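Visitor: I'd like to go over a predicted model; first the sequence, then the structure.
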Amino acid sequence: MTLNEKASYIKGLADGMELDKSSKEGKVIAALIELVSEMSEAISCLADDLDELNDYIEEIDEDLGSVEEVICDLDDEDCDCDCDCDGYDCDGDCMNCDEECELDDEDFFEVECPSCGDTICFDGSIDPEELVCPSCGEKFECLVSEDDLAALDE
């Protein structure tokens, strides 16, 4: 039985008892029954709103998960530590714990954009002479040493 049904049942019981609503006790009981009815209706509306918000939050969470997959582009499987990693920073450190997790055969370079000063991370799949800053869109060239390039080829 829902709250509204229970409130209606109590109101029906009171009506069946033929309470004298002009007496002191009858006025109090009638007021309490009216209060219970209003409260049950308000609680039902809040429960409906809460259900709607929970559904909306689940949709947002799914959408955010999709966005994180596209942006992060790194799997939890790449980490060799025992935590549930959310991803890695540019140095390959796990963002979920203090351990330095090594990514499988992945080396990252970190440079500063000469236009906007933002830090840009890239791996061996990107040509360092053709970098484009994701923040300001400026194209610039980054010098990478021969030793670093050789480490990427290994």
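Guide: Okay, I see it.

Visitor: any chance you could map the helices in the protein?
Guide: Along the chain, counting by DSSP state H, helices occupy 3-16, 24-72, 146-153.

Visitor: outline the domain layout of the protein.
Guide: 3-72, 74-104, 107-154 (automatic domain parsing).

Visitor: mind putting the helices of the chain in JSON lines, mean neighbour count and mean pLDDT included?
Guide: Bear in mind the C-beta positions are built from the backbone N, C-alpha and C, glycine included. JSON lines is the format used below for the helices of the chain (neighbours: other C-beta atoms under 10 Å; pLDDT from 0 to 100):
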{"stretch": "helix 3-16", "mean neighbour count": "14", "mean pLDDT": "91"}
{"stretch": "helix 24-72", "mean neighbour count": "12", "mean pLDDT": "91"}
{"stretch": "helix 146-153", "mean neighbour count": "10", "mean pLDDT": "54"}
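
Visitor: could you dump those helices into TSV and include distance to Phe140?
Guide: As requested, the helices of the chain are exported to TSV (distance: least, C-beta to C-beta, whole Å):
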stretch	distance to Phe140
helix 3-16	65
helix 24-72	22
helix 146-153	17
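
Visitor: and of those helices, who's closest to Cys133?
Guide: Proximity to Cys133 (C-beta to C-beta) singles out helix 24-72 among the helices of the chain, at 15.9 Å.

Visitor: and that closest one, what other elements does it pack with?
Guide: Here helix 24-72 touches helix 3-16, going by 3 or more C-beta pairs under 8 Å, 6 or more residues apart in numbering; DSSP states H and E.

Visitor: so the helix it packs on versus helix 24-72, what angle?
Guide: Helix 3-16 runs at 170 degrees relative to helix 24-72, counting by axes from the mean of the first three to the mean of the last three C-alpha atoms, to 10 degrees.

Visitor: ok, residues contacting helix 3-16?
Guide: Helix 3-16 has contacts (C-beta atoms under 8 Å, 6 or more residues apart in numbering) with 1, 29-30, 33, 36-37, 39-41, 43-44.
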